[in-house]
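J.: Quick check, what structure comes out for this input:
(2 chains)
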Amino acid sequence: MNPVNYLYLAALLFTIGATGVLIRRNAIVLFMCVELMLNACNLAFVAFSRMHGNLDGQIIAFFTMVVAAAEVVVGLAIIVSLFRSRHSASVDDASLMKL
Amino acid sequence: MSQLAAAATLSAGTSTGEAFQFWVLGTVAVIGALCTILMKKAVHSALCLAGTMIILAIFYLANGAYFLGVVQIIVYTGAIMMLFLFVVMLVGVTAADSLKETIKGQRWLALLCGLGFGILLLVGIGNASLHQFIGLGKANAGGNVEGLAALLFTKYVFAFEITGALLITATLGAMVLTHRERVERARTQRELAEQRVREGKHLPPLPAPGVYARHNAVDIAGLLPDGTPSELTVMQTLRERGQIRDVSDEALGDLKALEQRAAERLERTEEASK
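T.: Numbering: from 1, shown residues only, chains lettered A, B, ... in the order given. Got it, this is the predicted structure:
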């Protein structure tokens, strides 16, 4: 098997995640799709790291994980506070900045 | 020529075992990703995504990223997915997506966009010249974690420190966003009791839920003497979500079955006595 297949898999997962962001309305599921896209990028980074024979790709993937963790914390806090004020996690209901 | 063949096998670079693992687990990962975006309930999506992430961790391990593989399991499936599940719990497990389209034809357009984007990515990778796979044998010679640490604390040390600042900021941000200032003083138990007496409704505590026969779950309303469920016995949160199970019919059904059994037995004993 050619290791390029890992890149194809990463592209497929990224596409699925992007489609999910476009078709779903629940804010939590949207966030999960974003996580899926980040994970797909990480897989591509790791595969590239193997391709080039150095560890820089893995370092970038590590930073992606850290940023994803920070993003999830803030994003979920926003979802919780939105849910408190609107009693819904749908992104369609959050079309106004103020209630 | 033999050199060329050797280079080809080197560039192929993976064992049959890894190929088998890739095709089996890759299929499962794609199915998990599809389930993540297609499942109606957020909990099911979260579980499917956790499965996909574990498979990705295995792929990291297979690609020689041992540290990242373990971090993926601990941080992603351990911490981040649990955070997701906590929020799903707070927001409501039963909160399913509405399937009504707000923009007409948006779903099909989105699918079309996704398809086009996917084809673009795959064709791009297919046309890229990715023939040389060096492999991590040399880079991982001194240990994967040691190699990563050497890079992280020399070349990328500045980014690493900024990451620390980012994490602290995110923590503070989450606290500020979810913090709620209490506007009024919490009423004491005595004040609450006095208010109950003043209003004159429900002087004693509210009745407990599920005080009927073998059902004693909190979401089952207690039955009044005439067999109708009493809304008062179920807590307000469940009442608002509409998560009350009604067992009043079940009780009547049980009674009917009991009567029928009794009648059958009585007939049998009558026959026996004859």
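J.: so where's the chain uncertain?
T.: Looking at chain A here, since you left the chain open. Per-residue confidence for chain A (pLDDT under 70) gives these ranges: A:97-99.
J.: let's do chain B instead
T.: Using pLDDT under 70, chain B drops low at B:1-13, B:92-100, B:210-216, B:248, B:251, B:274.
J.: How about B:Glu18: what's its closest non-neighbour residue?
T.: In space, and not counting its chain neighbours, B:Glu18 is closest to B:Ala62: 5.7 Å by CB to CB, 6 or more residues apart in numbering or on different chains. No exception for glycine: its C-beta is placed from N, CA and C like everyone else's.
J.: Got phi/psi on the one you found?
T.: The phi and psi torsions at B:Ala62 (degrees, to the nearest 10) take the values phi -70, psi -30.
J.: same question, B:Gly105
T.: Residue torsions, per degrees, to the nearest 10, at B:Gly105 are phi 70, psi 10.
J.: What of B:Glu191?
T.: Dihedral angles for B:Glu191 - degrees, to the nearest 10 - are phi -60, psi -40.
J.: residues contacting the residue nearest to B:Glu18?
T.: Residues near B:Ala62 by CB atoms under 8 Å, 6 or more residues apart in numbering or on different chains: B:18, B:21-22.
J.: host element of the residue most central in space within chain B?
T.: Centroid check for chain B by CA atoms, centre = their mean gives B:Ala46 as the closest residue, at 2.9 Å. Using DSSP states H and E, B:Ala46 sits in helix B:42-62.
J.: Name the residues of that helix that are buried.
T.: Within helix B:42-62, the residues scored as buried using 16 or more other CB atoms under 10 Å in any protein chain shown are B:42-43, B:45-62.
J.: mind checking how far the residue nearest to the centre of chain B is from A:Ala94?
T.: 21 Å (CB to CB, to the nearest Å).
J.: Flag every buried residue along the helix or strand B:Leu151 falls within.
T.: Using DSSP H and E, B:Leu151 falls within helix B:144-152. Neighbour-count burial for helix B:144-152, counted by 16+ other CB under 10 Å, picks out B:144, B:147-148, B:151-152.
J.: just checking, what packs against that helix?
T.: When contacts are defined as 3 or more CB pairs under 8 Å, 6 or more residues apart in numbering or on different chains; DSSP states H and E, helix B:144-152 packs onto helix A:56-86, helix B:66-71.
J.: Convert the C-alpha atoms of it to PDB, please.
T.: Extracted in PDB, the C-alpha atoms of helix B:144-152 (Å, rounded to 0.1, in the frame of the first residue of the first chain):
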ATOM      1  CA  ASN B 144       9.800   9.800  19.200                       C
ATOM      2  CA  VAL B 145       9.100  11.700  22.400                       C
ATOM      3  CA  GLU B 146      12.800  12.800  22.800                       C
ATOM      4  CA  GLY B 147      12.800  14.000  19.200                       C
ATOM      5  CA  LEU B 148       9.600  15.900  19.600                       C
ATOM      6  CA  ALA B 149      10.800  17.500  22.900                       C
ATOM      7  CA  ALA B 150      14.100  18.500  21.300                       C
ATOM      8  CA  LEU B 151      12.200  20.300  18.500                       C
ATOM      9  CA  LEU B 152       9.600  21.700  20.800                       C
END
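J.: Kindly calculate the angle that the following helix or strand past that helix makes with helix A:56-86.
T.: Remark: after helix B:144-152, the chain's next helix or strand is helix B:157-178, criterion DSSP H and E. Inter-element angle recorded for helix B:157-178 and helix A:56-86: 10 degrees (by axes from the mean of the first three to the mean of the last three CA atoms, to 10 degrees).
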